[in-house]
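Participant: Coordinates for the following, if possible.
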Amino acid sequence: MSWLLNTLHTDLKSLKKGSSIIYKCFQGELEVVKEYQSKALSEKKENSDEQNKAGGTDGGAENDNVLTETYRMPFLMLGLDLPPPPLFKDVMEKNIIPQVPLFNILKKFDGESVTEVVRPRLARMRYRVTRLPQYLILHMRRFTKNNFFVEKNPTLVNFPVKNLELKDYIPLPAPKENEKVRSKYDLIANIVHDGKPGEGFYRVFVQRKSEELWYEMQDLHVAETLPQMVALSEAYMQIYEQHQFAGEGVPE
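Facilitator: Next up is the predicted model:
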């Protein structure tokens, strides 16, 4: 999906403005706060620790070598991390199907929750949304790779099909004068993955707005379905459409 959106943007962008219908529809912006240890300061601290051990004195404060960077970063989709599934079984000796509300995993973008990354270096990250796109793409990170195989997280995500109000769960930028915050979204597409990694298959639920009906599609098979069925699946990627105010439409 990332490759498709960026390729379409490259082919469709205006030479003068450098933008495209792809960026106008899907691009938002994040404020990123990154905390990491300076390599030079870390080495200096290690040398100092060795000297302190030899001399029997205490070292300095641990946060002396922590650097902080704050910057803005555009995005075409938001990656959401699922909690690890439980390792135990219930009284019926059946695997428990874990569930998590969408609002819980959206806290990654509340500007306070810390996400630890290891590449390109070990760092603590905090994210905050500073601009919302007209079409919001959410990616549930179900698959993880290690040296031997790919694992899939089966956790079900509970989400609203209509009226997802983001401002109730994550801080959003204050609107400019004479503007309103457009933070309410409706789901228009939900891609799901069934089965084991490498052996499973994908389905997609799509809403046809002219009829207000939902359809389930897999390859060439298309069938009408109920909105309630959309939320009973292992969501992998979702597309939400922003509510428009009267007189507004798709950007030109």
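Participant: Check the residue nearest the centre of the chain and give its pLDDT.
Facilitator: The residue lying closest to the centre of the chain (CA atoms, centre = their mean) is residue 79, at 2.3 Å. The score at residue 79 is 95. That number is its pLDDT.
Participant: Counting neighbours, which bits of the helix or strand hosting it end up buried?
Facilitator: According to DSSP states H and E, residue 79 maps onto strand 78-81. Under the neighbour-count criterion of 16 or more other CB atoms under 10 Å, strand 78-81 has 78, 80 buried. Heads up, the C-betas are built off the backbone N, CA and C, glycines and all.
Participant: residues near residue 137, how many?
Facilitator: For residue 137, the count of nearby residues is 21 (other CB atoms under 10 Å).
Participant: Kindly state the beta-bridge partners for it.
Facilitator: residue 239 (DSSP bridges).
Participant: what are the ranges of the strands in the stretch 101-250 of the chain?
Facilitator: 115-117, 123-131, 135-141, 143-145, 150-152, 156-158, 164-165, 184-194, 201-208, 213-218, 221-225, 235-242 (DSSP state E, counting those that start in this stretch).
Participant: For those, could you give me a markdown table that also reports mean pLDDT and distance to residue 101?
Facilitator: Putting those into a markdown table (pLDDT from 0 to 100; distance: least, CB to CB, whole Å) gives the following:
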| stretch | mean pLDDT | distance to residue 101 |
| --- | --- | --- |
| strand 115-117 | 91 | 18 |
| strand 123-131 | 94 | 18 |
| strand 135-141 | 96 | 13 |
| strand 143-145 | 88 | 21 |
| strand 150-152 | 89 | 20 |
| strand 156-158 | 93 | 5 |
| strand 164-165 | 94 | 11 |
| strand 184-194 | 94 | 15 |
| strand 201-208 | 94 | 19 |
| strand 213-218 | 95 | 21 |
| strand 221-225 | 95 | 23 |
| strand 235-242 | 96 | 12 |
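Participant: Residue 22: which of those strands is closest?
Facilitator: Closest approach to residue 22 among the strands of the stretch 101-250 of the chain is made by strand 135-141 (9.9 Å; CB to CB).
Participant: Check what pLDDT residue 227 gets.
Facilitator: At residue 227, the model reports a pLDDT of 88.
Participant: Residue 20 versus the residue nearest to it when sequence neighbours are not counted, what's the distance?
Facilitator: The shortest distance from residue 227 to any non-neighbouring residue, by CB to CB, 6 or more residues apart in numbering, is to residue 161 (5.0 Å). Separation of residue 161 from residue 20 (CB to CB, to the nearest Å) stands at 29 Å.
Participant: can you count the residues close to residue 38?
Facilitator: A count of nearby residues for residue 38, using other CB under 10 Å, gives 13.
Participant: got the contact list for it?
Facilitator: Residue 38 is in contact with 65, 66, 67, counting by CB atoms under 8 Å, 6 or more residues apart in numbering.
Participant: Tell me the spacing between it and residue 69.
Facilitator: Taking CB to CB, one finds residue 38 at 11 Å from residue 69.
Participant: on that earlier part again, isn't the residue nearest to the centre of the chain up against residue 142?
Facilitator: No. Contact between residue 79 and residue 142 fails when scored by CB atoms under 8 Å: they sit 11.0 Å apart.
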